[in-house]
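> Return atomic coordinates for the entry below.
(chains A and B)
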Amino acid sequence: SQQGEEDPQALSIQEGENATMNCSYKTSINNLQWYRQNSGRGLVHLILIRSNEREKHSGRLRVTLDTSKKSSSLLITASRAADTASYFCATDRPSGYSTLTFGKGTMLLVSP
Amino acid sequence: EAQVTQNPRYLITVTGKKLTVTCSQNMNHEYMSWYRQDPGLGLRQIYYSMNVEVTDKGDVPEGYKVSRKEKRNFPLILESPSPNQTSLYFCASRSPSGTEAFFGQGTRLTVV
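The predicted structure follows:
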């Protein structure tokens, strides 16, 4: 079953603007990860935030996590055309096995 | 270079003709998974494996088989493919819980 749900489904912005994507999930987690997918290609890991962390930065990426609301956000600052891709959140549940559960993704279009 | 390799990248086949999609990783990861990606549905897990000879069903296992005889390989088998298995398939591997997953480049399968 899908654990994470991204919002919005699609986002269109101009180069230089910031892009914010949100993810909501249903059950408790060990960590939450964000991935990027360029058109039909394999997913690439962007950033991981653990359940005891509230905010994390990596380059132009900023991720927040609110475990009380079961939600996370991914902010891409100063977007570039090359950021055009689909972005997925994935949750890692604290169960006896380890399996990542993905949402349906946000499609980001950055226009020059 | 750390990588997950899937083959073939593209495959068109006919209903009922058995096929195997191979997946190999060179990172000595314990965990491997298969996902399918369909428009509007995101990534859904088919099967996963926690180690050699240990496999389990994901969210959409019907019509698929897997095996894990060696740590590096995790083939996906469609014994009798049907048109509803037309999809984009991804193999992924990762170390135990809390780390990123590495994805293959995908296999686009069409069943006619």
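> now for the strand or helix carrying B:Gln37, which elements pack on it?
Taking DSSP states H and E as the criterion, B:Gln37 maps to strand B:31-38. In terms of contacts (3 or more C-beta pairs under 8 Å, 6 or more residues apart in numbering or on different chains; DSSP states H and E), strand B:31-38 is packed against strand B:19-25, strand B:42-51, strand B:87-94. C-betas here are computed from N, CA, C, even on glycine.
> closest to chain A out of these?
Counting by C-beta to the nearest C-beta, chain A lies closest to strand B:42-51 out of those; the figure is 3.5 Å.
> what's near enough to touch B:Val4?
By C-beta atoms under 8 Å, 6 or more residues apart in numbering or on different chains, B:Val4 lies in contact with A:Gly42, B:Cys23, B:Ser24, B:Gln25, B:Cys91, B:Ala92, B:Ser93, B:Phe102, B:Phe103, B:Gly104.
> go again using 7 Å as the cut-off
B:Cys23, B:Gln25, B:Cys91, B:Ala92, B:Ser93, B:Phe102, B:Phe103, B:Gly104 (C-beta atoms under 7 Å, 6 or more residues apart in numbering or on different chains).
> With B:Asp56 instead?
B:Asp56 makes contact with B:Tyr47, B:Tyr48, according to C-beta under 7 Å, 6+ apart.
> Hmm, A:Arg54 is touching A:Leu65, no?
Yes - the criterion here is C-beta atoms under 7 Å, and A:Arg54 meets it with A:Leu65 at 6.0 Å.
> ok, those two, which is more surrounded?
A:Leu65 (21 against 10; other C-beta atoms under 10 Å in any protein chain shown).
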